[in-house]
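Visitor: the sequence and its predicted three-dimensional model are supplied below.
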Amino acid sequence: MHMLTSIRTSNGKIEIIDQLLLPHTTKYVEITSIEQAYDAIKDMKIRGAPAIASLASLAFAAYIQTGLDSAQPPAFLLSPESLSADVIHKLDYLSGARPTAVNLGSAIRRLKAVLQSSTDAGKSVGLIAADLISEGKLIADEDFDRNKRMAEHGGEWLAELDRGSGGSGQELNVLTVCNTGSLATSGYGTALGLITYLHEQKKLGKAYYTQTAPYHQGSRLTALELKTMQIPSVMICDTMVGSLFQHHKIHAVAVGADRIAKNGDTANKIGTYNAAVLAARHKIPFIVVAPISTVDLDTPDGSSIPIEHRKPLEACLVRGAVHPFEFDVEGKVRQETVMITPSGLEGIYNPSFDVTPAELITAIVTEKGVANRKEGETSFDLSGVV
């Protein structure tokens, strides 16, 4: 089964698929500096909490490697002290690209910890640099395997839940929000990975997904991934979730996460909270699927999660292919950005994320297993899955 790839590397070259051009144009963009990685993350050419952590780590590792390969060592490689000062500055810079996604912060803390431990061990500047490069690559490489473990944990949990309720554990219909597949990770995906696993195990009925305005990650990216993998699926507008639950059998809602607080409150793409409220009303299990790096035990609850607000103009614009299709001289589909609102609107509310309270979440899945919220409780004990 063919899967799309958000990041590809070869012989030290880092390329990302420009997700702003999908689904009509597939274009890989080379990332040659930390600054380019920052811009790609900030401008959402690459998105998804695991994927942006992977890109930041790989770009950082490449920056250090380029310095080591230089005929004339750059100033930051002249001593452990100069390396430390430069590394901390670069990592702090990267951390500001997307503040809500905790995976990026987790990756940066890991790299800073390696810097500290290698320096404390009295290693030479070259060995410290080598340790940093290894850790940066490891952060990206470990994502795929843990995604497959999460998908299996969550998929089997849902099938067992259905059997326990008198169902067959087959033909499971699952709704998801935003895009949490290979384009949002280093491969396979989180919540979309759960759906992919069910499909591979012949336990999936249909995957349903919201368009996820205003960036339309669902209709642009999730639609493309599901079509590419030939998984039976149905797209709905964000405002159709309630109607879907009224008229169709949905066995679960599965979503990813950008940050999970210690009590289980979960920040995810805007519209997730809406789906959770409606799922609770219709007694549909609501599952969060995310790696351990997304769990922020230093944040007690959702009220402490910083919420990124995008530029107001972004809520007024949509980009897509001209219809009927028109092609340029290279045979590529012509795309345009259009404004769908009156110009000059003064009041626009455009948060990129919302927070779903733990009391609306049935289970939280990580690569270590499944944490169930106990009946009657309003928070999670995540100690067994972190």
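Guide: Noted; the coordinates are in hand.

Visitor: C-alpha from now on. contacts and neighbour counts both.
Guide: OK.

Visitor: just give the closest residue to residue 270, not the sequence neighbours.
Guide: What sits nearest to residue 270 in space, not counting adjacent residues and going by Cα to Cα, 6 or more residues apart in numbering, is residue 353, at 4.3 Å.

Visitor: so where do the helices sit in the stretch 201-350 of the chain?
Guide: For the stretch 201-350 of the chain, the helices defined by DSSP state H, counting those that start in this stretch cover 217, 223-228, 241-247, 272-281.

Visitor: contacts only, for the residue nearest to residue 270.
Guide: Neighbour list for residue 353: 100, 267-271, 307-309 [criterion: Cα atoms under 8 Å, 6 or more residues apart in numbering].

Visitor: for PyMOL, what selects the buried ones among those?
Guide: Selection of buried members from these for PyMOL, criterion 16 or more other Cα atoms under 10 Å:
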select buried, resi 100+267+268+269+270+271+307
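
Visitor: in JSON lines: the contacts of residue 353, plus pLDDT and distance to residue 38.
Guide: Below are the contacts of residue 353 laid out as JSON lines (pLDDT from 0 to 100; distance: Cα to Cα, whole Å):
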{"residue": "100", "pLDDT": "86", "distance to residue 38": "15"}
{"residue": "267", "pLDDT": "98", "distance to residue 38": "22"}
{"residue": "268", "pLDDT": "98", "distance to residue 38": "21"}
{"residue": "269", "pLDDT": "98", "distance to residue 38": "20"}
{"residue": "270", "pLDDT": "98", "distance to residue 38": "22"}
{"residue": "271", "pLDDT": "98", "distance to residue 38": "26"}
{"residue": "307", "pLDDT": "97", "distance to residue 38": "18"}
{"residue": "308", "pLDDT": "96", "distance to residue 38": "16"}
{"residue": "309", "pLDDT": "96", "distance to residue 38": "17"}
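
Visitor: among the contacts of residue 353, name the ones in strands.
Guide: Using DSSP state E, the members of these that fall in strands are 267-269.

Visitor: tell me which of the helices of the stretch 201-350 of the chain sits most buried.
Guide: Most buried of the helices of the stretch 201-350 of the chain by mean neighbour count (mean count of other Cα atoms under 10 Å) is helix 217; its value is a mean of 26.

Visitor: can you list contacts of that one?
Guide: For helix 217, the external contacting residues (Cα under 8 Å, 6+ apart) are 178-179, 211.

Visitor: which one of those residues is nearest residue 109?
Guide: Residue 109 has its nearest neighbour among these in residue 179, at 25.7 Å by Cα to Cα.

Visitor: who's in contact with that closest one?
Guide: For residue 179, the contact set (Cα under 8 Å, 6+ apart) comprises 48, 192, 217-218, 221-222.

Visitor: hang on, the earlier thing: output the helices of the stretch 201-350 of the chain as CSV; include the columns distance to residue 380 and mean pLDDT.
Guide: Below are the helices of the stretch 201-350 of the chain laid out as CSV (distance: least, Cα to Cα, whole Å; pLDDT from 0 to 100):
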stretch, distance to residue 380, mean pLDDT
helix 217, 29, 97
helix 223-228, 31, 98
helix 241-247, 26, 98
helix 272-281, 16, 98
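
Visitor: pick out the residue nearest the middle of the protein.
Guide: residue 48 (2.4 Å; Cα atoms, centre = their mean).

Visitor: which residues touch that residue?
Guide: If you count contacts by Cα under 8 Å, 6+ apart, residue 48 has them with 179-180, 183-185, 258.

Visitor: same check, this time on residue 191
Guide: By Cα under 8 Å, 6+ apart, residue 191 lies in contact with 151, 176, 180-181, 254-256, 288-290.

Visitor: again, only using 10 Å
Guide: By Cα atoms under 10 Å, 6 or more residues apart in numbering, the contact set of residue 191 is 147, 150-151, 154-155, 174-181, 197, 253-257, 287-290, 365.

Visitor: let's see the pLDDT reported for the closest residue to residue 385 other than its chain neighbours.
Guide: Distances taken as Cα to Cα, 6+ apart put residue 368 closest to residue 385, at 5.0 Å, once the chain neighbours are dropped. Here, the pLDDT recorded for residue 368 equals 98.

Visitor: and for residue 368, the neighbour number?
Guide: For residue 368, the neighbour count with other Cα atoms under 10 Å is 15.

Visitor: need phi/psi at it.
Guide: Dihedral pair for residue 368: phi -90, psi -10, per degrees, to the nearest 10.
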